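1. test case, fold it:
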Amino acid sequence: MGPIPDWPDSLKGAVRLVITASTPMVMMVGEEGILIYNDAYARFAGQRHPAIFGMPAEEAWPEIAEFNAGNIERGLGGESWLLRDQELVLNRHGQLESGWMDLHYSPIAGDDGLSMGTLCIVHETTDRILTESALARSEERLTLALSSSALVGTWDWDVLNNIVTADDQFARLYNIDSQIAGLGAPLEQYLLAIEHEDLPRVNAELQQAIENGTEFLSEYRVVGEDGVRRWLMVSGRPRMDANGKVYRFPGVAIDITEQRHAAEALAKSELEFRTLADTMPQMVWATRPDGFHDYYNARWYDFTGVPVGSTDGEGWNDMFHPDDQERAWGLWRHSLETGEPYQVEYRLRHHSGEYRWTLGRALPIRDASGTILRWIGTCTDIHDSRLAAEERELVAQELSHRIKNIFAVLTGIVSLSARGQPEVKPFADQLRQRIFALGEAHDFVRPQNYLSTSQAGQGALSALVARLMRPYEAENGENRVRYSGEDTNIDDAAATPLALLFHELATNAAKYGALSRPEGWTSLSGRSEDGQFFLTWKEHGGPEINEPGSLSGFGSKLIELSVSGQLRGDIERFWEKDGLRVELSLPLAALTRSSRLRPAESV
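-> Reported below is the predicted structural model:
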């Protein structure tokens, strides 16, 4: 540019104007755009100052070289223009960063009227742009949050002028036109939508918040245009000026109608449950998923006589008899670990100080995913029924003993009667065996109760067969009558005819069939279908047999009487060459105790 004294007067004047200005200004002189700027622009340039002073613009700001080249060309052409909020990526503080600015460009007129370069006035707007961008993002997030939450609107009360402005959703709830709400309406116009019963309380709460400068939080009902009442939870906090006077009161509203209805339904359900639980004769209790006891009905406290709440948590275990505590705890821990139902009998301390036998049961309550939410249990006083059962058991044992004695006496009478009459000895032997079979059946299914010690297989048909067939075992102890297939339980009513039936079949097999030979054996298989139980008796390895002309013997009649008469079943015999096959069809109901109550079909 040469020595300053040789510069044109117009250039000197322009430089004096730029240097003395307080606004950031920079001159790009000549075709190279030599930079001359003031102190305000130096602060704008940051760490690039003072190195860039006097440098060509494209070298001083290489990151925007192309941008500056265009501006230099336009300025030399005598053009003026304005760029608002122009984003430029500049390295002003050691790294590239975006900045926004308003740029005012004008030509620098020379003495000859032609442009010597370009003058740029810089007004940085970065802070405003970033603030507006942050505000836009914040408003977007707020909008998303409002739309995805239970918030139904916002409001802002100008307390001094008594004008409440609100958004569209809030206005609709209070039956106010959205345009009116946006411009503002008196508070009283909003209060008209509040349920009359709630209005005095809401007014008092608003007044208290204004007087004390405290948060306002209230739940109340509003009535919409359609007459539907909705519950709102409205909150806000008054804003005070320097003198401590409330001038503004903003807030938000949340629709809690569904929560209110759910809470009311829950309260109703809880009341119904407690009422039902307190009227039940059983003691009712409940626990959390971890087994912590937190509820007992009134019957529990009536029975135990303990103060309310004293058996919460693990305190309930102290109510058990010391001998029952560990067993009850063990079963309870097992149920908590596995989710299996809980059932135990223990002695529970009565308010009189007596320990009474109680039946405890509990089931888990699960959610849709199977997770246990609660345990609900009952305690039933079974003390009197248990004592009665013990008495019945003693009577049953005594009766059974006497019946066994009767069988023994009958056997003795038969034996004595046959001594003097050798011709009746075969019949007497058969009679004794039948009496023995009846005795075995009686012993096997003598009426049992839960106090008795059960034996393995007690009450199972296969076990009765095994017991009756012991006399026919091989010398090595191997069973010669082998049971297979499905099994079923029987009671004392069915055991007697079944014992006589199998006794007669085995006796005939030992005389004439498979059991008459050492290698012979018999299979007995069972299956159930459509309320019937089917049995197949099949002999193997015996002598070749033929169908007899008639079945008129006493044993055959006894079999028919046992099957058709007492068990209401059917029997068929098949005289196959490799051994007798007998097919039995018995109603399952006839094998259980309940069949006694049904009249037998006529035969």
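
2. any stretches of the stretch 501-603 of the chain with poor pLDDT?
-> 549-555, 593-603 (pLDDT under 70).

3. where do the helices sit along it?
-> Per DSSP state H, counting those that start in this stretch, the stretch 501-603 of the chain carries helices over the ranges 554-560.

4. so where's the stretch 151-300 of the chain shaky on pLDDT?
-> Those would be 151-152, if you go by pLDDT under 70 across the stretch 151-300 of the chain.

5. all helices of it, in order?
-> Under the criterion DSSP H, counting those that start in this stretch, the stretch 151-300 of the chain contains helices at 168-173, 178-183, 187-191, 199-212, 257-279, 298-304.

6. dump those to a markdown table, plus distance to residue 344.
-> From N, CA and C alone the C-beta is placed, and that goes for glycine too. A markdown table is the format used below for the helices of the stretch 151-300 of the chain (distance: least, C-beta to C-beta, whole Å):
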| stretch | distance to residue 344 |
| --- | --- |
| helix 168-173 | 56 |
| helix 178-183 | 65 |
| helix 187-191 | 61 |
| helix 199-212 | 52 |
| helix 257-279 | 20 |
| helix 298-304 | 16 |
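
7. for the ones you listed, give me JSON lines that also has distance to residue 522 and mean neighbour count.
-> Rendered in JSON lines, the data for the helices of the stretch 151-300 of the chain read as follows (distance: least, C-beta to C-beta, whole Å; neighbours: other C-beta atoms under 10 Å):
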{"stretch": "helix 168-173", "distance to residue 522": "87", "mean neighbour count": "19"}
{"stretch": "helix 178-183", "distance to residue 522": "94", "mean neighbour count": "14"}
{"stretch": "helix 187-191", "distance to residue 522": "95", "mean neighbour count": "15"}
{"stretch": "helix 199-212", "distance to residue 522": "90", "mean neighbour count": "14"}
{"stretch": "helix 257-279", "distance to residue 522": "58", "mean neighbour count": "12"}
{"stretch": "helix 298-304", "distance to residue 522": "58", "mean neighbour count": "18"}
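
8. show me the one of the ones you listed that comes nearest residue 112.
-> helix 178-183 (60.2 Å; C-beta to C-beta).

9. run the chain-centre distance for that closest one.
-> Distance of helix 178-183 from its chain centroid, counting by C-alpha atoms, centre = their mean, to the nearest Å, is 46 Å.

10. pull the residues that contact that helix.
-> Residues outside helix 178-183 that contact it (C-beta atoms under 8 Å, 6 or more residues apart in numbering): 164-168, 170-172, 174.

11. next one: stretch 561-578
-> 494, 496-498, 500-501, 539-540, 542, 544-548, 551, 559-560, 580-587, 590-591, 600-601, 603.

12. are any of those buried, and if so which?
-> The neighbour-count test (16 or more other C-beta atoms under 10 Å) applied to the contacts of stretch 561-578 identifies 494, 496-498, 500-501, 539, 542, 545, 559, 580, 582, 584, 586-587, 590-591 as buried.

13. excluding its backbone neighbours, what's nearest residue 65?
-> In space, and not counting its chain neighbours, residue 65 is closest to residue 58: 4.1 Å by C-beta to C-beta, 6 or more residues apart in numbering.

14. so that neighbour touches residue 69, yeah?
-> Yes - between residue 58 and residue 69 there is a contact under C-beta atoms under 8 Å: 6.0 Å.

15. quick check: neighbours shared by those two?
-> In contact with both residue 58 and residue 69: residue 33, using C-beta under 8 Å, 6+ apart.

16. starting at the chain centroid, how far to stretch 74-90?
-> Taking C-alpha atoms, centre = their mean, the mean C-alpha location of stretch 74-90 is offset from the chain mean by 66 Å.

17. show me which residues of that stretch are buried.
-> 74-76, 88, 90.

18. got the contact list for it?
-> Here stretch 74-90 has contacts from 28, 31, 61, 63-64, 67, 96-108, 114-115, 117-119, 125, 129, using C-beta under 8 Å, 6+ apart.

19. just the buried residues of those.
-> 28, 61, 64, 67, 99-101, 103-108, 115, 117-119, 125, 129.

20. among the buried residues of stretch 74-90, which are in helices?
-> Counting by DSSP state H, these place 74-76 in helices.

21. turn the residues you listed into TSV, including pLDDT and distance to residue 386.
-> Output for those, formatted as TSV (pLDDT from 0 to 100; distance: C-beta to C-beta, whole Å):
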residue	pLDDT	distance to residue 386
74	95	109
75	94	111
76	94	115
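
22. list just the nearest of those residues to residue 344.
-> Taking these together and measuring to residue 344 by C-beta to C-beta, the closest member is residue 74, at 96.4 Å.

23. now do residue 384, the pLDDT please.
-> Predicted confidence (pLDDT) for residue 384: 85.

24. residue 215 and residue 209 touch, don't they?
-> Yes - with contacts counted by C-beta under 8 Å, residue 215 reaches residue 209, the gap being 6.7 Å.

25. what is in contact with the two at once?
-> 236-237.

26. do you know how far residue 293 is from residue 560?
-> 61 Å (C-beta to C-beta, to the nearest Å).

27. same thing with residue 333?
-> Counting by C-beta to C-beta, the gap from residue 333 to residue 560 is 56 Å.

28. strands of the stretch 51-200 of the chain, residue ranges please.
-> 81-91, 96-109, 115-124, 151-158, 163-166 (DSSP state E, counting those that start in this stretch).

29. quick one: the longest one to strand 81-91, angle?
-> Comparing the axes of strand 96-109 and strand 81-91 via axes from the mean of the first three to the mean of the last three C-alpha atoms, to 10 degrees yields an angle of 140 degrees.

30. domain ranges for this structure, per the record?
-> 4-130, 149-261, 280-381, 383-454, 455-603 (automatic domain parsing).

31. please compute how far the longest one lies from its chain's middle.
-> When you say that, I think you mean domain 455-603. Offset of domain 455-603 from its chain centre (C-alpha atoms, centre = their mean): 52 Å.

32. beta partners for residue 320?
-> residue 348 (DSSP bridges).

33. who's in contact with it?
-> 328, 346-349.

34. same thing but at 10 Å, please
-> 326-329, 344, 346-349, 355, 358, 360 (C-beta atoms under 10 Å, 6 or more residues apart in numbering).

35. who wins for neighbours among these?
-> Of the contacts of residue 320, residue 358 is surrounded by the most neighbours, 26 neighbours in total, counting by other C-beta atoms under 10 Å.
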